[in-house]
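**Q** What follows is a predicted protein model with its sequence.
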Amino acid sequence: MSYDVHLLDRGRIEADANFVLDGAVAATAGDPNPDLRYEEFLVWNLVIDHPEATILFDTGSHPDAGDGYWPAPLYQAFAHVDAAEHDLEADLDAAGFALDDIDAVVLSHLHLDHAGGLYQFDGTDVPIYVHEREIEFAYRSAKTDSGSIAYFAPDFEHDLNWTVVEGDRQLVPGVELLHLPGHTPGLLGARLDRDGETLLVVGDEAYWQENYEGQSMAASLLWDNQAWRESLAYVQDLERRTDADVLLGHDTAMVDRFGGEW
């Protein structure tokens, strides 16, 4: 099976490194007031240009994230500093695609830096694939005081053609969705097999390479630490068995590693 995979650079989020690497900077007796690390994090989407369907994996942040659309406390912690420069339609166009070319959308999860472009599919028949546990948790989080503050109801309260995934699922030949709970209950990754090669899209299972090597994210970014570790062991085993390339969730090195496409 032969097909193309395009990595869309959707801009940069800036945040404290301690969110992504638990204990990245810690006070000690010898250095009670260490300098904090304020880092850049890549936001990306994929276009899987398959003979049977053109699939968009994630939709990025809403372009008005920094102009009052995102709640102010959340934006102060995670600032998508160039969201206004990364409208989904424009970034697709730069890669040679139009919104009308997209036959299906996969949401790795519904955090606001992944679901912010869903409004572009409001009122269409384009199927929006999401894990059943994710959509339940997202709505509960957005509508009650429980769950996670990273879900923002205006991102997903549209007239959308939701298609619920249970467990793992083959989407088209060579494209399998993988349930990787831990960061969120319904995180979806993907295994892409093409011409004897494999790409594992682990997404926010591991923001950075250090996460993939086993250094945990902060508790605020983990729904369930044990589930996260089990998912990590699962994808690491897949990588060993398939000699796969690995696409991480927010590591800026991914732009250079994949050069815009795989």
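**A** Nice, I can see it. Numbers count the residues shown, from 1 in each chain.
**Q** ok, residue 222 to residue 234 distance?
**A** 16 Å (CB to CB, to the nearest Å). Every residue, glycine included, has its C-beta placed from N, CA and C.
**Q** My guess is residue 24 contacts residue 15. True?
**A** No. Contact criterion CB atoms under 8 Å: residue 24 and residue 15 do not qualify, at 11.2 Å.
**Q** Give me the distance between residue 58 and residue 237.
**A** Between residue 58 and residue 237 the computed distance is 24 Å (CB to CB).
**Q** When those two are compared, which one has more neighbours?
**A** Counted by other CB atoms under 10 Å, residue 58 and residue 237 do not tie: residue 58 has more neighbours, with 28 against 10.
**Q** Any idea which helix or strand in this protein has the lowest mean pLDDT?
**A** The helix or strand of the chain with the lowest confidence, counting by mean pLDDT, DSSP states H and E, is helix 253-258 at a mean of 90.
**Q** Name the residues of it that come out as buried.
**A** Buried positions in helix 253-258, judged by neighbour count with 16 or more other CB atoms under 10 Å: 254, 258.
**Q** On the pLDDT front, check residue 31 for me.
**A** If you check residue 31, the pLDDT there is 81.
**Q** distance of it from residue 95?
**A** 45 Å.
**Q** and the least confident helix or strand of the chain, what does it pack onto?
**A** In terms of contacts (3 or more CB pairs under 8 Å, 6 or more residues apart in numbering; DSSP states H and E), helix 253-258 is packed against strand 4-16, strand 38-50, strand 245-248.
**Q** what residues does it touch?
**A** 7, 9, 42, 44, 209, 245, 247-248 (CB atoms under 8 Å, 6 or more residues apart in numbering).
**Q** Buried among these? Make that a ChimeraX selection.
**A** Buried residues within the contacts of helix 253-258, by 16+ other CB under 10 Å, are selected in ChimeraX with:
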select :7,9,42,44,247,248
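**Q** Make a markdown table out of the contacts of helix 253-258 and add pLDDT and distance to residue 62.
**A** Shown next, in a markdown table, are those (pLDDT from 0 to 100; distance: CB to CB, whole Å):
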| residue | pLDDT | distance to residue 62 |
| --- | --- | --- |
| 7 | 97 | 20 |
| 9 | 97 | 17 |
| 42 | 98 | 17 |
| 44 | 98 | 16 |
| 209 | 96 | 28 |
| 245 | 97 | 30 |
| 247 | 98 | 23 |
| 248 | 98 | 23 |
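**Q** For the contacts of helix 253-258, give me TSV that also has distance to residue 166.
**A** Below are the contacts of helix 253-258 laid out as TSV (distance: CB to CB, whole Å):
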residue	distance to residue 166
7	28
9	32
42	30
44	26
209	31
245	27
247	24
248	26
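**Q** surely residue 26 meets residue 34?
**A** Yes. Using CB under 8 Å, residue 26 is in contact with residue 34, at 7.2 Å.
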